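> Mind looking at a prediction? Sequence and model below.
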Amino acid sequence: MRHGVAIVLVAWAPLAWARADETVEREMKQDVVLRALVDELERAKTGLKLEDLQRPYFLQYGLLDAAHVSVSADLGAVARKSERRARHLRTDVRVGSYSLDDTNFSGDRYGRYFGSWGMRVSIPIEDDYNAIRQAVWWATDRQYKQVVETFEKKKAFMETKMIEDKPDDFSREPTTVYFEDPASVAVDAAPLEKLAVALSAIFAKYPDIQNSHVQIDGVAGNKYLVNTEGTRLRTSGSRFSISVTATVQSEDGMKLSASISLHTKTFEDLPAPADLSQRCREMIGELLVVKDAPTLDAYTGPVLFEPKAAAAVFAQQFGRRFTGGQRPVDGRRGPDDFENKLEKRILPRFINVVDDPTRETVAGEKVLGHYLYDDQGIKARPVTLVTEGRLEALLMSRNPSRTFKNSTGHGRGLYGPRASVGCLVVTATDATDAVGLREQLLEVCEDEGLEYGIRIASLGTVGGGGGGGGFGRYRSSATVPLLIYKVYPDGHEEPVRGSEIAQVDLKAFKRMMAAGDTPCVRNTTSSGGSTTVSVPALLFEELDLAKVDRDFDKPPILSSPLARGATGETK
């Protein structure tokens with residue numbers, strides 16, 4: 001439960017400014033970290049200047065104060081355990097002006113790191129006012145010296161180029177003061193370890209599983225954001241994640257890997273241990289089925305992605321492309337950039353897409369991509385991206401583009417905020433149930449004279465050879481089908497394995513035939529922040545699947561020790 005006070009400040013609201021000042025003063029008296037950040041910010045605002053060079057027009061400090069626990073277990077035994085506490089500070093020092101500053105230029109490595117991303121440093125974890133200010137002072141001074149050089153290089157570069165209609169480098173946004181009650185910066189490792197051990201022990205009963213691994217992570221703490229515009233933010237929270245992976249190897253050497261990935265805001269939000277155990281057994285069952293399944297040589301025709309697979313494919317194809325912002329002055333924009341496709345149809349007319357981080361639930365499930373303010377202090381708001389297949393808008397940070405001048409509250413990533421998905425929800429105006437989707441699949445097969453159609457239930461990784469022994473040379477696990485079924489007109493299905501999708505591009509999405517009525521709500525966490533993607537089943541009119549053509553490693557010479565009895569004899 002959040003408890004806090006929020007004040008949005010504008011120039012013509014003196015009462016709001018007075019109330020904000022009182023709120024900030026009260027919180028600074030109670031919070032040493034906040035007081036150190038604000039005091040050093042105010043000092044740098046007036047005193048940071050090199051002779052004959054500009055002082056910063058904008059400074060911002062973002063700080064993460066968090067405890068992190070990670071526990072890994074294999075076959076019922078703890079493999080690795082770590083507990084750490086850290087405070088990481090990001091400084092964002094800008095020289096020039098809102099219209100032209102040192103960012104959006106990658107002329108040298110310092111420009112890329114310090115100008116566009118700011119500087120990340122560790123600061124003391126004890127509530128020592130002077131020690132914290134010392135660390136903040138050092139980071140600010142170092143970055144300022146770098147960005148003034150970058151700014152001069154950028155101006156010199158621009159003088160030699162024909163640059164027209166360049167947008168501002170930084171948008172002007174309302175100032176916000178918002179404080180949540182501080183959270184305890186601690187994570188109890190005991191329940192994480194107990195759960196990891198219990199889940200990993202399940203795999204010890206299945207000797208055909210070559211490798212398995214369970215990892216559970218928990219993070220809890222507080223985030224701060226202060227800048228020279230007057231924004232003062234403190235938010236609190238936690239994140240917990242479970243990752244379960246397992247691999248089998250077929251007789252022809254092909255390795256197939258599946259995974260379970262769950263992300264929640266609290267440990268209590270994770271599924272019950274019995275439910276998690278059942279999911280692990282179901283994943284094992286799927287792997288054992290595909291291990292002995294025949295390979296699919298080649299296929300061209302309609303493909304039905306079940307919700308779980310559809311969510312992964314949609315997120316990979318569209319997640320980053322829905323974000324906007326200008327290109328660096330020394331860079332180039334790709335021809336497929338979505339700003340070039342505004343007001344054009346990119347999806348079927350029955351598809352609508354909204355990104356709404358203000359939502360706390362979707363389809364009855366809790367949303368991890370929910371937040372009130374982004375990592376630039378801008379209030380979150382819903383953005384309609386696609387209406388009836390037509391692209392209407394993009395998600396924006398404070399990096400403007402020629403078309404979109406202001407942030408939509410989607411500047412995510414504490415150590416380098418950039419436009420990012422919050423809670424992406426895909427819906428269909430004429431949604432079809434599971435039975436109807438299968439019928440449409442078979443109707444197309446009949447019309448095309450195909451013996452069967454293809455249904456993809458889940459994605460995974462296919463590997464097991466081809467040099468180096470790893471998966472580095474294989475296609476991303478987000479586009480490699482794992483659980484594939486041939487669907488026949490009489491209703492029966494046959495599992496197959498070993499195929500990869502030749503290409504799932506924008507044209508394929510635009511030609512989709514139908515979408516389901518029940519979504520998969522996919523929560524993920526990365527350095528850019530937590531996101532949610534909700535996507536129903538998707539029926540593609542035509543895709544190409546080809547056999548994975550690799551030289552696979554031979555299976556192990558000896559059987560797994562799990563298949564042997566206590567006396568050393570094979571069971």
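Nice, thanks for sending it over. Residues are numbered from 1 along each chain as shown.
> could you pull out the strands for the stretch 301-450 of the chain?
351-355, 361-362, 365-366, 383-387, 390-391, 411-412, 418-419, 423-428 (DSSP state E, counting those that start in this stretch).
> CSV for the ones you listed, including mean neighbour count, distance to Val219 and mean pLDDT?
Where C-beta positions appear, they are placed from N, C-alpha and C, glycine not excepted. Formatted as CSV, these follow (neighbours: other Cβ atoms under 10 Å; distance: least, Cβ to Cβ, whole Å; pLDDT from 0 to 100):
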stretch, mean neighbour count, distance to Val219, mean pLDDT
strand 351-355, 22, 24, 98
strand 361-362, 16, 22, 96
strand 365-366, 16, 17, 94
strand 383-387, 19, 27, 98
strand 390-391, 19, 35, 98
strand 411-412, 26, 16, 95
strand 418-419, 23, 21, 94
strand 423-428, 22, 20, 98
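> Of the ones you listed, which is nearest Glu282?
Minimum separation from Glu282 across these (Cβ to Cβ) falls at strand 365-366, 18.4 Å.
> quick one: strands adjacent to the closest one?
Each strand paired with strand 365-366, and its direction, by DSSP bridges: strand 361-362 (antiparallel).
> Quick one: low-confidence residue ranges for this protein.
Scanning the chain for pLDDT under 70 picks out the ranges 1-18, 107-119, 463-479, 565-571.
> what about the longest helix in it?
As assigned by DSSP state H, the longest helix anywhere in the chain is helix 129-159.
> Relative to the whole chain's centre, how far out is that one?
Chain-centre distance of helix 129-159: 29 Å, with Cα atoms, centre = their mean, to the nearest Å.
> need the helices for the chain, in chain order.
All helices of the chain, identified by DSSP H, fall at 14-30, 32-47, 109-110, 117, 129-159, 189-202, 273-291, 307-318, 434-448, 506-510.
> Name the stretch among those helices that sits most buried.
Across those, the average number of neighbours (mean count of other Cβ atoms under 10 Å) peaks for helix 307-318, which reaches a mean of 22.
> Restrict it to CA atoms and write it as CSV.
These are the backbone C-alpha positions of helix 307-318, laid out as CSV (Å, rounded to 0.1, in the frame of the first residue of the first chain):
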residue,chain,number,x,y,z
PRO,A,307,-1.1,-16.5,-25.7
LYS,A,308,2.2,-17.3,-24.0
ALA,A,309,4.1,-17.6,-27.3
ALA,A,310,2.2,-14.6,-28.8
ALA,A,311,3.2,-12.3,-25.9
ALA,A,312,6.9,-13.1,-26.3
VAL,A,313,6.9,-12.7,-30.0
PHE,A,314,4.9,-9.4,-29.9
ALA,A,315,7.1,-8.0,-27.2
GLN,A,316,10.2,-8.8,-29.1
GLN,A,317,8.9,-7.3,-32.4
PHE,A,318,7.1,-4.2,-31.0
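> what angle do that helix and strand 423-428 make?
Calculated by axes from the mean of the first three to the mean of the last three Cα atoms, to 10 degrees, helix 307-318 forms an angle of 110 degrees with strand 423-428.
> Return the list of helices and strands in contact with helix 307-318.
Contacts defined by 3 or more Cβ pairs under 8 Å, 6 or more residues apart in numbering; DSSP states H and E place helix 307-318 against strand 423-428, strand 453-459, helix 506-510, strand 514-526, strand 529-547.
> if you set the cut-off to 6 Å instead, what comes out?
strand 453-459, strand 514-526, strand 529-547 (3 or more Cβ pairs under 6 Å, 6 or more residues apart in numbering; DSSP states H and E).
> Tabulate those (a markdown table), appending mean neighbour count and distance to Arg87.
Formatted as a markdown table, these follow (neighbours: other Cβ atoms under 10 Å; distance: least, Cβ to Cβ, whole Å):
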| stretch | mean neighbour count | distance to Arg87 |
| --- | --- | --- |
| strand 453-459 | 23 | 37 |
| strand 514-526 | 20 | 20 |
| strand 529-547 | 22 | 18 |
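> Of those strands, give the one that comes closest to Pro382.
Nearest to Pro382, of the helices and strands packed on helix 307-318 and by Cβ to Cβ, is strand 529-547 at 13.1 Å.
> between the helices of the chain, which gets nearest to Leu459?
From the helices of the chain, taking Cβ to Cβ, the stretch that ends up closest is helix 307-318, at 5.2 Å.
> Contacts for that closest one, please.
456, 458-459, 478, 504, 519-520, 522, 533, 535-538 (Cβ atoms under 6 Å, 6 or more residues apart in numbering).
> And stretch 181-195, by the same measure?
Identification of contacts with stretch 181-195 by Cβ under 6 Å, 6+ apart yields 3, 65, 67, 69, 71, 83, 216, 218, 220-222, 236.
> Specify which member of these is nearest to Glu286.
Ile216 (21.7 Å).
> do you know how far the closest one is from Leu192?
5 Å (Cβ to Cβ, to the nearest Å).
> Equivalent analysis for Arg90, please.
The spacing between Arg90 and Leu192, counted by Cβ to Cβ, is 28 Å.
> Repeat that for Pro400.
In terms of Cβ to Cβ, Pro400 sits 42 Å off from Leu192.
> do the same with Ala272
Distance of Ala272 to Leu192, given as Cβ to Cβ: 15 Å.
> how close does the residue nearest to Asp505 when sequence neighbours are not counted sit to Leu424?
In space, and not counting its chain neighbours, Asp505 is closest to Gln317: 7.8 Å by Cβ to Cβ, 6 or more residues apart in numbering. Going from Gln317 to Leu424 by Cβ to Cβ gives 12 Å.
> Same check on Asp101?
Asp101 is 30 Å from Leu424, where distance means Cβ to Cβ.
> so who does Lys45 touch?
Contacts of Lys45 (Cβ under 6 Å, 6+ apart): Thr228.
> now do 8 Å
56, 59, 228 (Cβ atoms under 8 Å, 6 or more residues apart in numbering).
> Isn't the last one up against Leu41?
Yes. Assessed by Cβ atoms under 8 Å, Thr228 is found in contact with Leu41 at 6.5 Å.
> what do those two both touch?
Both Thr228 and Leu41 are contacted by Leu59, under the criterion Cβ under 8 Å, 6+ apart.
> Quick check: can you list the domain ranges of the protein?
For the chain, automatic domain parsing gives the domain ranges 4-68+85-188+224-238, 293-547.
> could you redo those as a markdown table and give each row distance to Phe267?
Below are those laid out as a markdown table (distance: least, Cβ to Cβ, whole Å):
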| stretch | distance to Phe267 |
| --- | --- |
| domain 4-68+85-188+224-238 | 8 |
| domain 293-547 | 13 |
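> Indicate which one of the ones you listed is closest to Ile209.
The closest of those to Ile209 is domain 293-547. By Cβ to Cβ, the value is 13.6 Å.
> so how far does the closest one reach from one end to the other?
Counting by Cα to Cα, to the nearest Å, you get 13 Å between the two ends of domain 293-547.
> same deal with stretch 261-272?
End to end - Cα to Cα - stretch 261-272 spans 15 Å.
> List the buried residues of that stretch.
Residues of stretch 261-272 classed as buried: 262-265, 267, 270 (neighbour count, 16 or more other Cβ atoms under 10 Å).
> starting at the chain centroid, how far to it?
Offset of stretch 261-272 from its chain centre (Cα atoms, centre = their mean): 17 Å.
> which residues sit against it?
191-192, 218, 237-244, 276, 279, 366, 368, 523-525, 530.
> and with 6 Å instead?
Residues contacting stretch 261-272 (Cβ under 6 Å, 6+ apart): 238, 240-243, 368, 523, 525.
> Of all pairs in those residues, which one is the farthest apart?
Taking Cβ to Cβ, no two of the contacts of stretch 261-272 sit farther apart than Ser238 and Ser243, at 17.0 Å.
> what's the closest of the domains of the chain to Asp553?
When those are compared by Cβ to Cβ, domain 293-547 sits nearest Asp553, at 4.4 Å.
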